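Visitor: Sequence first, then the predicted structure, then my questions.
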Amino acid sequence: MKNENTGKIQVYTGSGKGKTTAAFGLALRALGHHRRVCIIQFLKGGGYTGETIALRERFPECDLFQYGSEAREMTEASAQRTFVEAALAHAERALPSGRFDLIVLDEINVCLHERLMDTAQVLSLLERKAPHTEVILTGRHAPPELIARADLVTEMRKEKHYYDQGYPAREGIEF
């Protein structure tokens with residue numbers, strides 16, 4: 001029987017809704033079992049989402065860090081690269097530290113797709129993670145090399161979305 005305490009690598013990708021939501025759901029589950037959780041959000045900032053508010057207010061034992069601005073579309077490329085470098089440096093300290101049972105690297109796949117960081121660098125980092133640490137990497141366009149390395153890959157695929165019918169994002173549902 002394989003060791004159940006070996007941390008796995010999970011990838012949540014695809015064009016559908018729910019990648020970050022699924023990762024935060026697993027973080028909540030881990031917190032419920034008194035596990036130590038670290039969430040590093042790449043290119044996300046502002047903190048005004050229900051999940052970030054709830055984690056900060058009700059789960060102070062969860063380390064949550066955002067590296068980005070609220071208006072990503074208006075952020076200059078040089079600033080985005082600075083945010084990504086800071087988030088990656090944080091991940092490079094957290095993964096091998098052994099302090100965390102679960103680490104979420106939210107939207108890192110988008111950074112890889114947009115060539116804001118190197119896939120080989122992320123794969124090397126995953127090899128240095130603490131053995132017990134579970135890692136979730138989210139975002140559209142996960143590169144094939146990351147998918148090949150992962151122990152679990154879930155692709156969220158959009159069949160239908162109310163955004164396409166002109167409905168806006170709703171507080172408490174989309175953010």
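Guide: Yep, that arrived. Nothing here was measured: the structure is a model prediction, and the numbers come from that model.
Visitor: starting at the chain centroid, how far to the helix or strand of the chain at the bottom of the mean pLDDT ranking?
Guide: Ranked by mean pLDDT, DSSP states H and E, the weakest helix or strand in the chain is helix 50-58, scoring a mean of 92. On the basis of C-alpha atoms, centre = their mean, to the nearest Å, helix 50-58 sits 16 Å off its chain's mean C-alpha point.
Visitor: who's in contact with that helix?
Guide: 20-21, 24, 27, 39, 47, 62, 64, 66, 171-172, 175 (C-beta atoms under 8 Å, 6 or more residues apart in numbering). All C-beta atoms are positioned from the backbone trio N, CA, C, and that covers glycine.
Visitor: Farthest pair within these?
Guide: The distance between the two most remote of the contacts of helix 50-58 (C-beta to C-beta) is 21.4 Å, for Cys62 and Glu171.
Visitor: Look at these two and report which has more neighbours.
Guide: Cys62 (23 against 10; other C-beta atoms under 10 Å).
Visitor: so how far is Leu102 from that one?
Guide: Note on Cys62: its distance to Leu102, by C-beta to C-beta, to the nearest Å, is 9 Å.
Visitor: got any residues that touch both of these two?
Guide: 27, 37-38.
Visitor: In a markdown table: these, plus pLDDT and secondary structure.
Guide: Output for these, formatted as a markdown table (pLDDT from 0 to 100; DSSP: H, G, I helix; E, B strand; the rest coil):
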| residue | pLDDT | secondary structure |
| --- | --- | --- |
| Ala27 | 98 | helix |
| Val37 | 98 | strand |
| Cys38 | 98 | strand |
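Visitor: Which elements pack onto the longest helix along the chain?
Guide: Across the chain, the helix with the greatest residue count (assigned by DSSP state H) is helix 77-94. In terms of contacts (3 or more C-beta pairs under 8 Å, 6 or more residues apart in numbering; DSSP states H and E), helix 77-94 is packed against strand 37-42, strand 63-67, strand 102-106, helix 108-113, helix 119-127.
Visitor: List the buried residues in the longest one.
Guide: Read it as helix 119-127. 119, 122, 125-126 (16 or more other C-beta atoms under 10 Å).
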